[in-house]
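*Asks:* Provided below are the primary sequence and the corresponding predicted coordinates.
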Amino acid sequence: MFVAAGLVTSLIVWMWRTGRSVRRRLEHRLDTLVGQATTTTVENRAALGIFGLSFFMMLREGVEMVLPLAARADCGGASRSLRGGQPRASPAPQARTRPALSAPGGVGASGSDDAE
């Protein structure tokens, strides 16, 4: 917990120091990139960039949802229910039967001949 608090604190300090100049540097870099390209190229790049960003953000959200669900499925035996199947029921206990005692001459206790 102390490590997490230290990382968050270092992030806050770093953003406080560099946040003042980020906007200026970003606008300068965008102006140089846009100034070199035609209008249609900029629009195509912008559309492609927005699509790519949206795609990867949705992919990330999907992974963030699936990983905990998959971990939970492994814990409770509910993996089949997450895939749409019925959860496996534990097998019913089988009654133990004693083997039939056979009398001399091959005739079992039920009166039938085991040899046939």
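*Replies:* Cool, got the structure.
*Asks:* where do the strands sit along the chain?
*Replies:* With DSSP state E, the ranges of strands along the chain come out as 102-103, 107-108.
*Asks:* pLDDT of the first one, averaged?
*Replies:* Spelled out, that is strand 102-103. Per-residue pLDDT over strand 102-103 has a mean of 63.
*Asks:* just the last one next, same as before
*Replies:* Within the predicted structure, the mean pLDDT of strand 107-108 is 54.
*Asks:* for the helix ranked longest in the chain, buried residues please.
*Replies:* As assigned by DSSP state H, the longest helix anywhere in the chain is helix 39-76. Applying a neighbour-count criterion of 16 or more other CB atoms under 10 Å, one finds A73 buried in helix 39-76. C-beta: built from backbone N, CA, C; applies to glycine.
*Asks:* what's that helix packed up against?
*Replies:* helix 79-82 (3 or more CB pairs under 8 Å, 6 or more residues apart in numbering; DSSP states H and E).
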